[in-house]
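Asks: need a structure here:
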Amino acid sequence: MWQRLLTTSPELTPFMLRLILGLVILPHGLQKAFGLFGGYGFTGTMGYFTDTVGVPYVFGVLAILAETLGALFLIFGALTRLAALAIGTTMVVAALTVHLPNGFFMNWFANQKGEGIEYFVLATGLALALVVQGAGAWSVDRLLSDRVVQPATPVQG
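Replies: Below is the predicted model of the structure:
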């Protein structure tokens, strides 16, 4: 199981995808978890998730973890497939539950109620590519995949 989860190629493309996605998602996670970059912090975000959007508490916590720890894991290429799956799932849920009524486009000109799903589609696409490809070059996954102990072959006798 670990071998399947960690195995990745030495390609640069997955490295670039995970670095970009991780660096874009991380500030959003830091807003939600710690109130950085003008965010509301954990308590404010959880209040919005549970009271306004109707997200169950546990799923709100998982979304915050995906956007903070998941983003950090992507940046370092650690458990990349799981981190990308968590981020991708969070993006799909956010798009469908909050942003879909605002249409496709981002609110560049402040002429709609909120943001559309454009950003979420892109982030989900990057996450899906990482689930399929793995971490690529310069990743913890690549280092670990070479060191994961293979199951012992049975002794014939």
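Asks: what is the mean pLDDT for the strand or helix carrying residue 31?
Replies: If you go by DSSP states H and E, residue 31 is part of helix 12-34. Per-residue pLDDT values over helix 12-34 give a mean of 98.
Asks: Show me what counts as buried in that helix.
Replies: Judged by neighbour count using 16 or more other C-beta atoms under 10 Å, the buried positions of helix 12-34 are 14-15, 17-19, 21-22, 24-33. The way it works is simple: take the backbone N, C-alpha and C, and place the C-beta from them, glycine included.
Asks: after that helix comes which helix or strand?
Replies: Scanning forward in sequence from helix 12-34 by DSSP H and E, the next helix or strand is helix 41-47.
Asks: So which elements touch that next one?
Replies: On a contact count with 3 or more C-beta pairs under 8 Å, 6 or more residues apart in numbering; DSSP states H and E, helix 41-47 meets helix 12-34, helix 57-65.
Asks: Centre of the chain to the worst-scoring helix or strand of the chain on mean pLDDT, how far?
Replies: For the chain, the helix or strand with the lowest mean confidence is helix 2-6, at a mean of 78 (criterion: mean pLDDT, DSSP states H and E). On the basis of C-alpha atoms, centre = their mean, to the nearest Å, the separation between the geometric centre of helix 2-6 and that of its chain is 18 Å.
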